[in-house]
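[1] Sequence plus the predicted model coming up.
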Amino acid sequence: MTKQDLNYWMMYHEVHHLKRQGCSLRKISEELVINFRTVSKYLSMTEEEFLQHLEHQDQRYKKLCAYEEFVKGKLGLYPETRSAQMHDWLKEMHPAFPPVCEKTVFNFVQYIRQKYNIPQQYESRQFFPVEEMEYGKQIQADFGEYIMRSSSGGRKKVYFFTMVLARSRQKYVYFITQPFTTQTGIIGHEKAFAYFQGISEEVVYDQDKLFLHDENKGDLLLTKEFKAYTMQRGFSLYFCRKADPQSKGKIENVVRYVKQNFLYNRVFIDPDTLNDQALDWLSRTANIMVHNRTRKVPFYEWHTEKGYLRNFTPMIVSYNPYHEYCLRKDNTIAFKGNFYTLPEGTYKNKDSAVLLRTEEDQLYIYSIDKTLICIYAICKEKGKLISNTDHKRDKSLKIVQLADHIANMFEQPSTIKDFLEHVRQAKPRYIRDQLLSIRSTINDVGIECVFRAVCYCKENGIYDASSLKSLAQKYAGEQKQTSPEPGEIKLLTKPEQQYKASIQPVTSNIADYENIVSN
């Protein structure tokens, strides 16, 4: 009996067991995560009938039987081959290969492996257990993230930085609500060293982009801020190779421990409360329970280890929440896969730049002198253009100057100024849009029609640009109807045209027609 057949038998007996307990078809289907029709079919079969059913399953025709020898040969040469690669080989070597889904190929490859006893082979890395470090020798560090339930009933994503002393297993964790930057990562280091009351000789990391800018044939290139910090603190660095959990298994266990023991089903209130709760958890559980590997209490071991740590003197870490971004020629910036617009004219030259700051789900954009330009809600999608219609407004003139400019276009500017002042009082938040609309109307229909519309609006207490525009367009239409434009006059310049123009038509004498009628 194959492993798959054994799984089918276990499912069959579990279905009958739940039915004997009084469960409905729907309940059994939900409990075992199988289709209710499958449940009904299993319940209708005796064990003998189910055995015949399995035998029939093994013997039934398979779509890919024609390719059995090819798959068998490839698996014989390369037992480690995965079904996805086999699928590609089948399509490459057999142009007439039928269009089947990946699951069909996977099932057929598994069938060939079982039929000809060709187990899949995996390359495994040989390693030995890491010996316990000396006291004060090493600290391991890593980052994590988790989605918590919030007090408002929604969801809140939190980010955390954690450290563990390699020998004593004393742990520390620090939470924030924004993705970590190099600066907040450094702040996490300082808080952890203060908690441990000392610094180890070496700190172990993943090859994280917050600290490691690049790697050149084994030479690690640190980010500018982190390099300055490590030189000041004086500890050595060890960056693990990729896919090397044995080098930092202690900290990976801590990350999992934080998620499963502390964060699971905890309600998020605010970052300060979460960090206070984390400190209580560390002193109550994480550092006071007997460690499964060492069989010792981390807190008591830490009392021994801190005597081997280098002295820690707190230092002030300047935190700069602003990040400089280059400005594109079309007055946009690229941020996390999307483009955000800025007011027209923000781009000056190739050195134009702005400062970005994130807070919760908001993106704040500042000029280089830290003057706020605009605020956006951070878009979760990719490849979007997020724009603000306000950025396309003409802001070259101030409000007062713009109003004076419009009024001076008329022969009676005082009348226009009085009207514009009433518009400003009626719509103070949208006065620039109102003035720009009035100026556009003047350009479209002319001074005379707009002045007539202004006079009518003042008489009837109407003070908005859209009403003014409608009236002005109405007057312009009436003016065109009462004063049609003269037709175009064409000069006859060609000789044949002049000849035709000089022809006089022959006329008849009216007396001839009178004689005809009288007769």
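    Perfect, I can see it now.
[2] and the host helix or strand of F160, how far out from the chain's middle?
    When secondary structure is defined by DSSP states H and E, F160 falls within strand 155-165. Centroid separation for strand 155-165 versus its chain: 20 Å, with CA atoms, centre = their mean, to the nearest Å.
[3] Give the buried residues for that strand.
    156, 158-165 (16 or more other CB atoms under 10 Å). (C-beta placed from N, C-alpha, C; glycine too.)
[4] Next SSE downstream of that strand?
    Using DSSP H and E, the first helix or strand after strand 155-165 is strand 171-176.
[5] Show me what that following strand is packed up against.
    Contact analysis of strand 171-176 by 3 or more CB pairs under 8 Å, 6 or more residues apart in numbering; DSSP states H and E lists strand 155-165, helix 182-196, helix 249-257, helix 271-281 as its packing neighbours.
[6] So the nearest residue to I406 once chain neighbours are set aside versus V454, what's the distance?
    Among residues not flanking I406 along the chain, R439 sits closest, at 5.6 Å (CB to CB, 6 or more residues apart in numbering). R439 is 13 Å from V454, where distance means CB to CB, to the nearest Å.
[7] out of these two, which sits in the more crowded spot?
    Set R439 next to V454 and count neighbours by other CB atoms under 10 Å: V454 wins out with 22 against 19.
[8] If we go by neighbour counts, what in the helix or strand that that one is a member of is buried?
    Assessed by DSSP H and E, V454 sits inside helix 447-460. Of the residues in helix 447-460, 449-454, 456-457 count as buried by neighbour count, 16+ other CB under 10 Å.
[9] Same question for stretch 360-379.
    Per 16+ other CB under 10 Å, stretch 360-379 contains these buried residues: 363-366, 374, 376, 379.
[10] I'd like the average pLDDT over it.
    Stretch 360-379 shows a mean pLDDT of 87.
[11] and if you look at stretch 82-93?
    For stretch 82-93, the mean pLDDT works out to 90.
[12] which residues sit against that stretch?
    Contacts with stretch 82-93, where a contact means CB atoms under 8 Å, 6 or more residues apart in numbering, come from 64, 67, 70-71, 74-75, 97, 102, 105-106, 109-110, 120.
[13] could you dump it to CSV, C-alpha only?
    The C-alpha coordinates for stretch 82-93 follow below in CSV (Å, rounded to 0.1, in the frame of the first residue of the first chain):
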residue,chain,number,x,y,z
ARG,A,82,11.1,18.5,-9.4
SER,A,83,7.7,18.2,-11.1
ALA,A,84,7.8,21.8,-12.3
GLN,A,85,11.1,21.2,-14.1
MET,A,86,9.8,17.9,-15.5
HIS,A,87,6.8,19.8,-16.9
ASP,A,88,9.1,22.2,-18.8
TRP,A,89,11.1,19.3,-20.1
LEU,A,90,8.0,17.6,-21.4
LYS,A,91,6.9,20.7,-23.3
GLU,A,92,10.4,21.3,-24.6
MET,A,93,11.0,17.7,-25.9
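[14] Same list (the buried residues of strand 155-165) but as JSON lines, adding distance to E301 and pLDDT.
    Shown next, in JSON lines, are the buried residues of strand 155-165 (distance: CB to CB, whole Å; pLDDT from 0 to 100):
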{"residue": "K156", "distance to E301": "34", "pLDDT": "90"}
{"residue": "V158", "distance to E301": "29", "pLDDT": "94"}
{"residue": "Y159", "distance to E301": "28", "pLDDT": "94"}
{"residue": "F160", "distance to E301": "23", "pLDDT": "96"}
{"residue": "F161", "distance to E301": "22", "pLDDT": "96"}
{"residue": "T162", "distance to E301": "18", "pLDDT": "96"}
{"residue": "M163", "distance to E301": "15", "pLDDT": "96"}
{"residue": "V164", "distance to E301": "12", "pLDDT": "96"}
{"residue": "L165", "distance to E301": "8", "pLDDT": "95"}
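[15] Tabulate these (TSV), appending distance to S467.
    Output for the buried residues of strand 155-165, formatted as TSV (distance: CB to CB, whole Å):
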residue	distance to S467
K156	48
V158	53
Y159	53
F160	58
F161	60
T162	64
M163	67
V164	71
L165	75
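[16] Pick out the most distant pair among those residues.
    K156 and L165 (29.9 Å; CB to CB).
[17] From A453, how far out is T415?
    From T415 over to A453 (counting by CB to CB), the distance is 12 Å.
[18] And the strand holding F160, what does it pack against?
    Strand 155-165 packs on strand 138-150, strand 171-176, helix 182-196, helix 249-257, helix 298-305, going by 3+ CB pairs under 8 Å, 6+ apart.
[19] Let me see the ranges of the strands in the stretch 201-350 of the chain.
    202-205, 212-216, 219-222, 236-239, 267-268, 323-326, 332-335, 338-341 (DSSP state E, counting those that start in this stretch).
[20] How about residues contacting stretch 317-332?
    Taking CB under 8 Å, 6+ apart as the rule, stretch 317-332 contacts 181, 183-184, 186-187, 190, 229, 333-335, 339-347, 352-357, 366, 368, 370, 385, 391.
[21] Please pick the buried ones from the contacts of stretch 82-93.
    For those, a burial check counting by 16+ other CB under 10 Å picks out 64, 67, 70-71, 74-75, 97, 105, 109.
[22] State the pair within these that is farthest apart.
    L75 and F97 (17.1 Å).
[23] residues making contact with whichever strand or helix holds L75?
    Following DSSP H and E, one finds L75 within helix 68-77. With contact meaning CB under 8 Å, 6+ apart, helix 68-77 is reached by 64, 81, 86, 89-90, 93-94, 108-109, 112-113, 116, 118.
[24] how far does it sit from the chain's center?
    44 Å.
[25] ok, back up a step: residues in contact with the following helix or strand past the helix holding V454?
    Next helix or strand after helix 447-460 toward the C-terminus (DSSP H and E): helix 465-482. By CB under 8 Å, 6+ apart, the residues outside helix 465-482 that reach it are 423, 433-435, 437-438, 441, 444-446, 448-450, 452-454, 456-457, 462.
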